[in-house]
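A.B. asks: sequence and predicted model, in that order:
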Amino acid sequence: MHYLRIHNRSNHPQLFQCHGYNGNKDLTINANGQANIEAADGTSGAIIAVHEGVIGEQCEITKAGWQGNDTIDISNICGAGGNMTCQQVGDPAGKFKGHETFMQACNSAWHKLAQAKKDQLKGHVFLDGNGNVKRIGAPKEFQPLEQFVRTFANGRTYIGVGAWGPSQGNPEDNKQSAAGKGSKDILIIYSDGNAAPDPSKPFTGQSLAVAFNLMSVPSTGKDEVSPKEADEGAKTGAETTTVAEAANGAKPEALATNTVHLMAATAASGPGIMLTNKSAKKNTFFFYDNYWNGNGTGGANFDHPLKNVEVGPNQTTYVSLELGFKGRVQRGDQQPATWGEFQVKASDDGRAHGDISLQQGCDGAATVASTDGTNVSNGFTKDIVKGAPAAALDKKPNGEKVLASTEGNWKGPGNNAAVDWEYKQLGHGKAYIKGGTGVPDVASKNNCLHFTFYVV
């Protein structure tokens, strides 16, 4: 069992609302006191500081969520009256989320404002008897207040609503959703002064997500796709991305992307991917470069595709990509969708690596294969949306019927009916369904993989 370890470093008792934890009962921690609350894997909720009867800063928690990693952040979208930070226990002292001196920075910024701006914020910024800021209202409800808070806390905490449904949110807010590493105890610090885990150590950055599970050895297990199934004669592999942001539903015309119209191709001609549209109609495929990239790490982006490619019925095209690309390709720009996850050149072995993931949904079958002559492939060609139980289904914003996310996202937790159905149809080795291991890795030493999407 893991715990939320909450420290009240102030010189007064502090009231916290507990959502999803502590039996949803309020918690008062005495001055300079501590409390430990059970936080089982799979749970989620928030610890919210209350000031003058009004909620303020909060720590939002999901335990062992995406691929078994904790997701935590500090949010000020509902207001603030104190300082709060959080980190996974064991992280370096300077690696944490939240602005350790949020209220001091707020007060300093307030006193620098022109009177006209102060007048505009009347009723949203609350002062003590000395004219200093003691509390602010909810930035999510008043755009001028959100703009003010961004002048001193942008990139350190949730300020606006972030990416949600059709809203793309603010990129600096979206970054707050980056997952941690594994499941651990969570340290939450509240203070009227410096709320850093160790006030003597400066902030050095947020701990970002783990999540690529790179496996270089191809499988010869029974769950592999046969050469006939893959239309490539090969086997496959794995690399999985952590969802660190959640934005979806944006209309294609609203996206600032480059549409590429390509001629049919039959062979790789450099770094990138071969892309086949197994469909009786043309389809547009979107490429998303991860928000954060490293060797074995990444945070998926939902709202800023790098480019999109239109592919004709039953055509194959070559799509050129930089060697540093690490992300995914999917049909369309809406979720839920089948993801073809890949990186063009891994820093450890210099090869391209890829897999098929259904963790953010399934809108059709897909396969991935090497193009360097090693004849390695994986994935599936069966239409598993057809015949799926109603409980496992979801809809894209455009109304298309698909299988729901198995890991969960901004819409809610993962769909267990979809998990059960996909394992029943595919087994454990053809695509990522739940968790971040166990799917054979496809690698190609020429830095070019071949993805095929089967669209009914």
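C.D. replies: On my side now, so go ahead. Numbering: from 1, shown residues only.
A.B. asks: run through the bridge partners of residue 34.
C.D. replies: Beta-bridge partners for residue 34, by DSSP bridges, are residue 7.
A.B. asks: surely it and residue 4 touch.
C.D. replies: No: if you go by CB atoms under 8 Å, residue 34 and residue 4 don't touch, sitting 10.8 Å apart. Glycine gets a C-beta too; all of them are placed from N, C-alpha and C.
A.B. asks: who's more crowded, those two?
C.D. replies: Each of residue 34 and residue 4 has its neighbours counted (other CB atoms under 10 Å); residue 4 has more, 24 against 11.
A.B. asks: what's the next secondary structure element after the host helix or strand of the more buried one?
C.D. replies: Taking DSSP states H and E as the criterion, residue 4 maps to strand 3-8. Toward the C-terminal end, the helix or strand that comes next after strand 3-8 (DSSP H and E) is strand 14-19.
A.B. asks: buried set for that next one?
C.D. replies: With burial defined by 16 or more other CB atoms under 10 Å, the residues of strand 14-19 counted as buried are 14, 16-19.
A.B. asks: other SSEs contacting that strand?
C.D. replies: strand 27-29, strand 44-51 (3 or more CB pairs under 8 Å, 6 or more residues apart in numbering; DSSP states H and E).
A.B. asks: angle of that strand against strand 3-8?
C.D. replies: 150 degrees (axes from the mean of the first three to the mean of the last three CA atoms, to 10 degrees).
A.B. asks: who's in contact with strand 14-19?
C.D. replies: Strand 14-19 has contacts (CB atoms under 8 Å, 6 or more residues apart in numbering) with 6, 8, 24-29, 37, 45-50, 55, 82, 190.
A.B. asks: quote the end-to-end distance of stretch 106-117.
C.D. replies: By CA to CA, to the nearest Å, the extent of stretch 106-117 from end to end equals 14 Å.
A.B. asks: now do the buried residues in that stretch.
C.D. replies: Buried positions in stretch 106-117, judged by neighbour count with 16+ other CB under 10 Å: 106-107, 110.
A.B. asks: then stretch 40-59?
C.D. replies: For stretch 40-59, burial by neighbour count (16+ other CB under 10 Å) applies to 43-51, 55-59.
A.B. asks: which strands or helices does the strand or helix carrying residue 369 pack on?
C.D. replies: Residue 369 belongs to strand 365-370 when assigned by DSSP H and E. Under the contact definition 3+ CB pairs under 8 Å, 6+ apart, strand 365-370 sits against helix 227-230, strand 339-343, strand 352-357, strand 377-380, strand 442-444, strand 448-454.
A.B. asks: just checking, residue 187 touches residue 84?
C.D. replies: No: if you go by CB under 8 Å, residue 187 and residue 84 don't touch, sitting 11.2 Å apart.
A.B. asks: in terms of packing, which of those two has more residues around it?
C.D. replies: Shown here are residue 187 and residue 84; by other CB under 10 Å, residue 84 has more neighbours (28 against 21).
A.B. asks: and the more buried one, how far is that from residue 185?
C.D. replies: Applying CB to CB, to the nearest Å, the value for residue 84 to residue 185 is 17 Å.
A.B. asks: and if you look at residue 351?
C.D. replies: Residue 351 sits 37 Å away from residue 185, going by CB to CB.
A.B. asks: who has more neighbours out of these two?
C.D. replies: Using other CB under 10 Å, the more surrounded residue of residue 351 and residue 185 is residue 351, with 23 against 16.
A.B. asks: if the residue lying closest to that one once chain neighbours are set aside is in a bridge, with which residues?
C.D. replies: Closest residue in space to residue 351, ignoring its immediate chain neighbours: residue 443 at 4.4 Å, by CB to CB, 6 or more residues apart in numbering. Beta bridges link residue 443 to residue 353, judged by DSSP bridges.
A.B. asks: isn't residue 443 right up against residue 376?
C.D. replies: Yes: between residue 443 and residue 376 there is a contact at 6.9 Å, judged by CB under 8 Å.
A.B. asks: and residue 175, that one's in a strand?
C.D. replies: No: assigned with DSSP: H, G, I helix; E, B strand; the rest coil, residue 175 falls outside any strand and is helix.
A.B. asks: count the neighbours of it for me.
C.D. replies: Residue 175, neighbours per other CB under 10 Å, totals 21.
A.B. asks: check residue 199 too.
C.D. replies: A count of neighbours around residue 199, defined by other CB under 10 Å, yields 15.
A.B. asks: tell me how far it lies from residue 442.
C.D. replies: Counting by CB to CB, the gap from residue 199 to residue 442 is 48 Å.
A.B. asks: residue 190 too?
C.D. replies: Separation of residue 190 from residue 442 (CB to CB): 47 Å.
A.B. asks: you'd agree residue 355 is up against residue 430?
C.D. replies: No: here residue 355 does not reach residue 430: they are 9.5 Å apart, not a contact under CB under 8 Å.
A.B. asks: between those two, which is the more surrounded one?
C.D. replies: Higher neighbour count among residue 355 and residue 430: residue 355, with 31 against 28, using other CB under 10 Å.
A.B. asks: show the pLDDT at that one.
C.D. replies: We have a pLDDT of 94 for residue 355.
A.B. asks: same deal with the one 10 residues further on?
C.D. replies: The predicted structure scores residue 365 at 96 on the pLDDT scale.
A.B. asks: bridging residues for it?
C.D. replies: residue 454.
A.B. asks: one step back: how about the buried residues of stretch 40-59 in TSV, adding pLDDT and distance to residue 194?
C.D. replies: Formatted as TSV, the buried residues of stretch 40-59 follow (pLDDT from 0 to 100; distance: CB to CB, whole Å):
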residue	pLDDT	distance to residue 194
43	88	29
44	86	28
45	90	26
46	93	22
47	96	19
48	96	21
49	97	16
50	96	21
51	96	18
55	94	22
56	96	17
57	97	14
58	96	19
59	95	17
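A.B. asks: of all pairs in those, which one is the farthest apart?
C.D. replies: Maximum pairwise distance in those, criterion CB to CB, is 25.8 Å, between 43 and 51.
A.B. asks: residue 117: what secondary structure?
C.D. replies: Strictly by three-state DSSP, residue 117 counts as helix.
A.B. asks: which ones are touching it?
C.D. replies: Residue 117 sits next to 144, 148 when contact means CB under 8 Å, 6+ apart.
A.B. asks: do the same with residue 120
C.D. replies: By CB under 8 Å, 6+ apart, the contact set of residue 120 is residue 144.
A.B. asks: distance check, it against residue 443.
C.D. replies: 57 Å.
A.B. asks: now do residue 341
C.D. replies: Distance from residue 341 to residue 443, by CB to CB: 13 Å.
A.B. asks: more neighbours: which of those two?
C.D. replies: Taking other CB under 10 Å, residue 341 and residue 443 do not tie; residue 341 has more neighbours (28 against 25).
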